[in-house]
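S.K.: Would you be able to build a 3D model of this:
(chains A, B and C)
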Amino acid sequence: MLKRLDRSDLEKLLSALATGYRLLTPQRLADGTRLLRPHGEGALALQGEPVQRKPTEAFFPQHDPLLRIGEQGEVTTCDPPVRPVALFGLNAADLGCIAFIDRFFADPPADDHYLARRKDALLVGLTGFSGPGGDVLPPANGMCDLELLAFGQNWLGVPWTPRGEALLEGFPDGEQAEVEELLESARTRGNPAQDLLEKAAGLVASEVVPDDFWREVGDRCILCSGCNLACPTCTCFCVEDRQEQAVTLRSRVWDSCQFDAFMREASGHNPLGTEALRTRRRIHHKLAADVTRWGEFGCLLCGRCDRVCPTGIGIQAVAAEILARFGP
Amino acid sequence: MSATLTTCPYCGTGCMLYLLSDEQGRLVGVEPSAGHPVSRGQLCVKGWNAHAFVHHPDRLKTPLIRRQGALVPAGWDEALNLVHQRFRQIASAHGPDSLVFFSSAKVGNEENYLLMKLARAGYGTNNVDHCARLCHSSTVTGLVETLGSGAMTNTVACLDETDLVLVIGSNTTEQHPLIGSRILQAVQRGCRLIVADGRRIKLSRHADLHLRHRNGTDVALLNGIMQQILELGLEDRDFINARTENFSALQQSLAAFTPDRVAAITGLQADEIIAAARMLGSAQRAMLFYAMGITQHSHGVDNVRAVSNLALLTGNLGRPGTGVNPLRGQNNVQGACDMGALPDVLTGYQKVADPAMRERFASAWGRPLPERPGLMATHAYDAALADRVRAFLVLGENPLLSEANQAHVAKALARLEFLVVVDIFPTETTAVADVVLPAACYAEKDGTFTSTERRVQRFRRALAPPGEARADWEILSALLERCGISADYTGPSQIMEEIAAVTPSYRGISYPRLEESGLQWPCPDHDHPGTPILHQQNCTRGKGRFSPVDFRPSRELPDAAYPLLLNTGRTGMHWHTGTMTRRSHLLDREEHSAFIEIHPEDAARLSIRDRQQVSVESRRGGVRVMATLTDRVPPGQVFMPFHFVEGAANALTNNALDPESGIPEFKVCGVRITPC
Amino acid sequence: MPPRSSPTKTQSIYAPRPCRLLSVTDLTPQEKLFRLQLNDGSDLGHRPGQFVQVSVPGLTEAPISVASSPDRHGFFDLGIRRAGRLTTALHALQPGAQLGVRGPFGRPFQLETLTGKDLLLIAGGCGLAPLRSLLQYCEDHRNRFGVLHLLYGARSPADLMFKEDLHDWQKGACFNCRVTVDHSPADGCYDGATGLVTGLLDDLDLVPGRTVAVLVGPPPMYRPLLDALEHKGIAKESIMLSLERMMRCGIGKCGHCSIEHLLCCQDGPVFWLPEIEHLRGAL
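M.R.: Model prediction:
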């Protein structure tokens, strides 16, 4: 069941979403930052680079209250907002990232706190000619409730779940043929970044990358932690307690494996006690450890760590350097 | 759920970020501004955690008044009336100059302006100063003399087009991380880098040349480099002829600084000095960066003069990719200086000693102004001990931990008749105050900060202050009103209009023009686009002046009794006295206790193990801290950050002051260490 | 406004269960034994080698191994060294204090594979606390095992944990128990062996094919001990060890205890040597 939506259909769809959900849509703010914001707050920015902040934030926020402990030790959990969220305008990489951490948090023992936020949320992919300057983005092929492939002034609506199907009901039918050019364009482009990542991953996994290399990269790190905070598949967190009037608010907070204290034990012992080890961990974890544990890369090439890194040592930059120096 | 574009409250780099809040209005995170010319979608670790302290339960939420020895909650009117009455009483009994006003490099321009207006017009004293006294007073004194303006001459973006960077006395990747990283990017595109720093700081790992000269020998080093530039004929004759004066005096002064003599003073090899001279002399465009390693000496002004001489000698001024670039430490230390929160100048460095300047302000404010320049903050403690000063108002500072020679400061504060502290958290200083006024933090009010590159930019209110806390400008307005000066400002925007009217370099600045990434001063009229690069045609003072300097050793060098040289400073994780960062979970976790860096050779000699508790003593005090064994420091030198009250570096430091700028010698004193 | 909260309907995996401190005993100058009971009176339901997250409001949580056998009912023991802020706060608690625990978490000692085997149980320092859960289990089910060797090394006589238990184990028939200290003070009160725990292996009679070694100790202990075991002919497949990491959640989510692709809190803390010896940073 494919649908063809024009601009007014799109507006109708957004209104429908906004009635049932806390709808977030991509908007460009005054300084040029493109973020997912409450729908209607600003003008839609339907084309552009990936939204700057990782969309997984909707389910795993930077500062996330878990529970309260009362004076007598009684525990009350902090529940998610009543209205589920709808994220509109996700590209394939970001949908892949959400799928990645969905599986991570659902893996037994499941993280009920994450699942409570995620349970009724709705994901809308936005692909096709909706990249920067109208550049083509590869189709998501699932991982969302419905996908909109932008072409010309229109969108081809592809439902991937019954909820997506219900939302698309009533719109005019569309044809796969209308997006042939788009699909062909995405196909012929290939994915050079993916090839690079795979080759670099092979080198990392086979331990041909020497510790000196990790030290060199670590020397360039200014320890901002931005790579981890920007990464949609980074799920590490620390726990923070705050006490006010004998009530303790326990929250989880995004953490970074680039911190010395990330693994440092109270005794001072630290399995990740050098910059070189921490830098290796950051890359190895995504390109090798995740592959062993989950069967796929922990990097979906969203590009955020490369964009946010002040010294140019995001994962794609490091992968390129690994390939250049240790590749065939 | 909101996203509020604002300016980072930590260092002077001036990154912009979004404060993100949830449906309940609580701050939940930070996202860098993509379009800002300095942050460019990136932040440092403190920026990423800029939201983290805001909701901390320790926040001050109500005014406190000391009663029977204890600070107890009080109403705003009661507290403000008490402050005003006591100030009036003390001023009428002992003269207005018995009051001292400490402004703050953490608060906005508008608030600094109001505080200096309160001191001068409200209570009739020029005793107003702030922590620039402790960081860049040497710069302001030195560069005003040589160039006519005490600010960074160029702009951060100039790093994209320079050929050589000299970093002397600045741990840039930790203290101005988004400038440090820009230097690293420049190096990656082929720019050359000289780092002059005794410590093996991160930048030094990327340097073409790392000069590990002894702390306190910068004048000798810089003179030695300039002597060799002349020897090699690498000076910029055209620039010297066209743009400078007093060159022959410089030339004569340098003759004695031969490589061998300089090597003996600095501990460097003669060929290192020659290599530096070659690199600096042959670069088409070189940027000179410095910070506290240059300024915080008893000869801090001389150090600054030497840096300025080097820039003039090589013609590195007034062009893209060049310049004398002092890195200002705090988010608004540039602005606090610009606003005249200094004892000798009004806004825009208009001298109080100049009757025409005084008249401009007197007529704008409707009050006569005191003529005599006031006390420097660092002199105020001696004045308090001598009963020449009897009351302090401290706005958002914690001098009990940040000033050199803690015991001396504690004694002076205890001697005061009346101490008022305005702050966002309880500090060591609020603990000894008579009145504590709770302030809104940067996230809870509007205003402007001026960054190190003279960029005036907005910070914006993202949430309401906790409890009864008020914005500093509201507190100061209330005191101005009590002094009979109308201060019914509708908000900081209106205060900025007043500032612009009396300040030539800010005349073209108004809130509507600051919406996106601000304006760099001087901005003399409403159509002026701002000035990224100073001194382009002429220096602010006309000709650039060579100001020859001779080498003077630090006031207290290691000796038999205190054999190690103590260097002090900051770390990348913490901010000054830790009021905010030690209440930010991740930053506090990363570094949660006081430590001292000590070279393994020294440690071995003293039988000190890594992570062991040691006692560190100077002639002024002693502390217990954890030893960190590292070759970041050279043998014979130890380093301590001053963030930690439980191991306060400033219990040890020497309050020997530079005679001109009044800056203490934070970077050099003698200590001894014994294992506990 | 705080985030909206409501009484817990189904217990969150992050919610501590309330428990009461029954008693506190000094073990060494740095270590105390805490005996706890869940407020609802139920057993913790752990297996030897598992750990709990102990919650102290204001100071978050710390992972602590259970030091008692599941077959000792009505309470569970935790042996805790004073090292950081949270453990310092615990050391200040008096009996009757309320605490919270989550768990038990992690993969225990695999008792089924130990059944019928000679066990070489080796602990270093405060590693005796986690091992004690297995030692008590062995005592309670003595007939399930062959010869039981127990080797324990501490820094000094004062650092020996569970001195009463050690006395019983040394006197009793259950274990062939040997104890050593790195350094013995000159005061002469200590008359036992000195030297590293590896030294206790030298003249130990082992039947390699029948023996499973179980190791619990501080990180620096493992390498030399593994070399010594290899020397004694113990196959890697017969060596089990418990690793210590800074687990924050206990359920494989927070990431702080990862060792390459493994998560110490879920895949461990007890591992067979071949599972981890090739992983960077494991040992």
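S.K.: neighbouring contacts of stretch B:17-24?
M.R.: With contact meaning C-beta atoms under 8 Å, 6 or more residues apart in numbering or on different chains, stretch B:17-24 is reached by A:29, A:33, A:35, A:53, A:61-62, A:81, B:1-8, B:27-33, B:39, B:43, B:47, B:50-51, B:443, B:462-463, C:1-4. The C-beta positions use only the backbone N, C-alpha and C, and glycine is treated the same way.
S.K.: Of those residues, just the buried ones, PyMOL syntax please.
M.R.: Of those, the buried ones go into a single PyMOL selection, burial set by 16 or more other C-beta atoms under 10 Å in any protein chain shown:
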select buried, (chain A and resi 29+33+35+53+61+62) or (chain B and resi 2+3+4+5+6+7+8+27+28+29+30+31+32+33+39+43+47+50+51+443+462+463) or (chain C and resi 3)
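S.K.: Which strand residues bridge the closest residue to B:Arg86 other than its chain neighbours?
M.R.: Closest residue in space to B:Arg86, ignoring its immediate chain neighbours: B:Phe418 at 4.7 Å, by C-beta to C-beta, 6 or more residues apart in numbering or on different chains. Counting by DSSP bridges, B:Phe418 is bridged to B:Ala391.
S.K.: Quick check, pLDDT for B:Phe418.
M.R.: Per-residue confidence (pLDDT) for B:Phe418: 98.
S.K.: Who are the contact partners of it?
M.R.: B:86-87, B:90, B:390-392, B:434-435.
S.K.: let's see 10 Å
M.R.: Residues in contact with B:Phe418 (C-beta atoms under 10 Å, 6 or more residues apart in numbering or on different chains) are B:66, B:82-83, B:85-87, B:89-90, B:99, B:390-393, B:433-435.
S.K.: looking at chain A, which helix or strand does the model trust least?
M.R.: helix A:180-189 (a mean of 80; mean pLDDT, DSSP states H and E).
S.K.: helices or strands up against that helix?
M.R.: The helices and strands touching helix A:180-189, judged by 3 or more C-beta pairs under 10 Å, 6 or more residues apart in numbering or on different chains; DSSP states H and E, are strand A:122-128, strand A:146-151.
S.K.: out of the ones you listed, which comes closest to B:Ala276?
M.R.: Ranking these by proximity to B:Ala276 (C-beta to C-beta) places strand A:122-128 first, at 54.8 Å.
S.K.: how much does the closest one deviate in direction from strand A:146-151?
M.R.: Our comparison of strand A:122-128 with strand A:146-151, counting by axes from the mean of the first three to the mean of the last three C-alpha atoms, to 10 degrees, yields an angle of 20 degrees.
S.K.: for C:Glu230, helix, strand, or coil?
M.R.: Following DSSP: H, G, I helix; E, B strand; the rest coil, the label given to C:Glu230 is helix.
S.K.: Next, count neighbours for the residue lying closest to it once chain neighbours are set aside.
M.R.: Nearest residue to C:Glu230, sequence neighbours excluded (C-beta to C-beta, 6+ apart): C:Lys236, at 7.9 Å. Counted with other C-beta atoms under 10 Å in any protein chain shown, residues neighbouring C:Lys236 total 14.
S.K.: C:Lys236 reaches C:Glu277, doesn't it?
M.R.: Yes - in this structure C:Lys236 lies within contact range of C:Glu277 using C-beta atoms under 10 Å: 6.9 Å.
S.K.: Name the residues contacting each of the two.
M.R.: C:Leu226.
S.K.: who are the neighbours in contact with B:Ala404?
M.R.: B:134, B:296, B:378, B:381, B:568, B:620, B:642, B:649-657, B:663-666, B:669.
S.K.: Is it within a helix or a strand, and which one?
M.R.: Assigned by DSSP states H and E, B:Ala404 belongs to neither a helix nor a strand.
S.K.: What about residue 294, how many residues nearby?
M.R.: Chain wasn't specified; assuming chain A. The number of residues packed near A:Trp294 is 15, by other C-beta under 10 Å.
S.K.: I was thinking of chain B, sorry if that wasn't clear
M.R.: 29.
S.K.: what do you get for B:Gly190?
M.R.: So B:Gly190, with other C-beta under 10 Å, has 7 neighbours.
S.K.: what sits against it?
M.R.: B:Asp163.
S.K.: A:Phe237 touches A:Phe105, doesn't it?
M.R.: No - contact criterion C-beta under 10 Å: A:Phe237 and A:Phe105 do not qualify, at 11.1 Å.
S.K.: Quick check: the gap between the residue nearest to B:Arg86 and chain A.
M.R.: In this view, B:Phe418 and chain A are 32 Å apart by C-beta to the nearest C-beta, to the nearest Å.
S.K.: and chain A, what are its domains?
M.R.: A:3-59+A:79-188, A:193-326 (automatic domain parsing).
S.K.: closest one to B:Pro370 among those?
M.R.: That would be domain A:3-59+A:79-188 among those, by C-beta to C-beta, at 42.7 Å.
S.K.: The nearest residue to B:Ser402 once chain neighbours are set aside: what's it in contact with?
M.R.: Once flanking residues are discounted, B:Ser402 sits nearest to B:Thr577: 5.4 Å by C-beta to C-beta, 6+ apart. When contacts are counted by C-beta under 10 Å, 6+ apart, B:Thr577 touches B:397-402, B:425, B:427-429, B:642-645, B:648, B:650.
S.K.: what do you get if the cut-off is 8 Å, keeping everything else the same?
M.R.: B:398, B:401-402, B:427-428, B:642-643, B:645 are the contacts of B:Thr577 under C-beta under 8 Å, 6+ apart.
S.K.: Thanks a lot, see you next time.
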